[in-house]
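**Q** only geometry, no sequence info:
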Ligand SMILES: Nc1ncnc2c1ncn2[C@@H]1O[C@H](COP(=O)(O)OP(=O)(O)OP(=O)(O)O)[C@@H](O)[C@H]1O
């Protein structure tokens, strides 16, 4: 049975559908990346999944229950984001103890190992930490909770590259040892694609695609060749983007649903397109880029 099921899920703010008729299913024991441009509706969706926000219409079920006001959903899920609110007066050590008290699956040994590895001190207060260290503590808290549904919303904001790398590594290792349903919303798909099983791409509140990461890796290819040949070749292809890359040469990104040898025979060079780039092309607002603004 699915851990998450939504049908026509919608959240409206003053006439704007932040999440718009979203229908989706997430299986247990998967790591799903939620990807989308700024304002796509990621946070709004994630907050509805854990019952922080009430849906405007449609249906959302988590562990077969409507999350809003559900004690069962709140005891078995956690959202890690930069708006996590912990009591100001508690030390980091006391916060770990609160985590242990609240979450049945909390692993204090694991929490303390991470605590030591990231050089936290027991008597520190969260508000005294730097931005990156605060995020790291939040992530530690989320990992140690071992919640059946663990959601990280932009978890790496403020972390330096080395800590981000550690985070992906410890998340994957801990997930393999203790499988659970994990959702990560992030703008860094390229950094974390190796830990994902599925990708949910949303744009303007709607689902653009929900696929295994391996399918996304093969979703599109980049073609480069003489402009005249390319023009002809592209007429029956699904073109995600195209541009003249040099005089007489055209580059295009197209859906990978044709035999590549045909293109190569025409003198067209075929190259893979990274999943992060596929997501950018699929949610691009127009054919141009920032350079057009400067012209
Ligand atoms: N409390 C609110 N009141 C009014 N509009 C809101 C509110 N929260 C979010 N929105 C709007 O809903 C849309 C989706 O916002 P959301 O925060 O879910 O996007 P996001 O994909 O998480 O964006 P980002 O990547 O920038 O964090 C945006 O247009 C945002 O302005």
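**A** Everything's here; your move. As the structure is a computational prediction, the values presented were derived from the model and not from experiment.

**Q** quick one: low-confidence parts of the stretch 1-150 of the chain?
**A** Counting by pLDDT under 70, the stretch 1-150 of the chain contains no low-confidence range.

**Q** tell me which residues are up against stretch 40-55.
**A** 4, 9-11, 18-20, 22, 34-36, 60, 62, 66-70, 73-74, 77-79, 81, 149, 151, 153, 183, 185, 202-205, 283 (Cβ atoms under 8 Å, 6 or more residues apart in numbering). From N, CA and C alone the C-beta is placed, and that goes for glycine too.

**Q** out of those residues, which sit inside strands?
**A** Using DSSP state E, the subset of the contacts of stretch 40-55 located in strands is 4, 9-11, 18-20, 22, 34-35, 60, 62, 77-79, 149, 151, 153, 183, 185, 202-203.

**Q** could you pick out which of those residues are near the ligand?
**A** Checking the ones in strands among the contacts of stretch 40-55 against the ligand by Cβ under 6 Å from any ligand atom, the ones in range are residue 18.

**Q** re the thing from before, what subset of the contacts of stretch 40-55 is buried?
**A** The neighbour-count test (16 or more other Cβ atoms under 10 Å) applied to the contacts of stretch 40-55 identifies 4, 9-11, 18-20, 22, 34-36, 60, 62, 67, 70, 73, 77-79, 81, 149, 151, 153, 183, 185, 202-205, 283 as buried.

**Q** tell me how many other residues surround residue 259.
**A** Taking other Cβ atoms under 10 Å as the neighbour definition, residue 259 ends up with a count of 8.

**Q** residue 96 now?
**A** 23.

**Q** ditto for residue 112
**A** Neighbourhood size, residue 112 [other Cβ under 10 Å]: 16.

**Q** same deal with the one 5 residues further on?
**A** By the criterion of other Cβ under 10 Å, residue 117 has 12 neighbours.

**Q** going forward, begin numbering at 15 instead of 1
**A** Taking 15 as the first residue, the last one we looked at is residue 131.

**Q** quick check: closest non-adjacent residue to it.
**A** What sits nearest to residue 131 in space, not counting adjacent residues and going by Cβ to Cβ, 6 or more residues apart in numbering, is residue 180, at 7.9 Å.

**Q** got a list of what residue 86 touches?
**A** Shown in contact with residue 86 (Cβ under 8 Å, 6+ apart): 77, 79.

**Q** how near is it to the ligand?
**A** If you measure residue 86 against the ligand using Cβ to the nearest ligand atom, to the nearest Å, the figure is 25 Å.

**Q** could you pull out the helices in this structure for me?
**A** Using DSSP state H, the helices of the chain run over residues 56-63, 85-90, 106-116, 122-131, 145-159, 175-191, 203-206, 227-231, 241-247, 274-279, 289-296, 304-308.

**Q** list the contacts of the third one.
**A** This means helix 106-116. By Cβ under 8 Å, 6+ apart, the list of residues contacting helix 106-116 from outside reads 89, 100, 104, 120, 122, 125-126, 129, 134-140, 151, 155, 158-159.

**Q** go on, the fourth one?
**A** For helix 122-131, the external contacting residues (Cβ under 8 Å, 6+ apart) are 106, 110, 113-114, 136, 154-155, 157-158, 180, 184, 188.

**Q** could I get those residues in JSON lines, plus columns for distance to the ligand?
**A** Output for those, formatted as JSON lines (distance: Cβ to the nearest ligand atom, whole Å):
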{"residue": "106", "distance to the ligand": "27"}
{"residue": "110", "distance to the ligand": "28"}
{"residue": "113", "distance to the ligand": "25"}
{"residue": "114", "distance to the ligand": "30"}
{"residue": "136", "distance to the ligand": "33"}
{"residue": "154", "distance to the ligand": "22"}
{"residue": "155", "distance to the ligand": "20"}
{"residue": "157", "distance to the ligand": "22"}
{"residue": "158", "distance to the ligand": "25"}
{"residue": "180", "distance to the ligand": "23"}
{"residue": "184", "distance to the ligand": "24"}
{"residue": "188", "distance to the ligand": "25"}
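
**Q** done for today, thanks.
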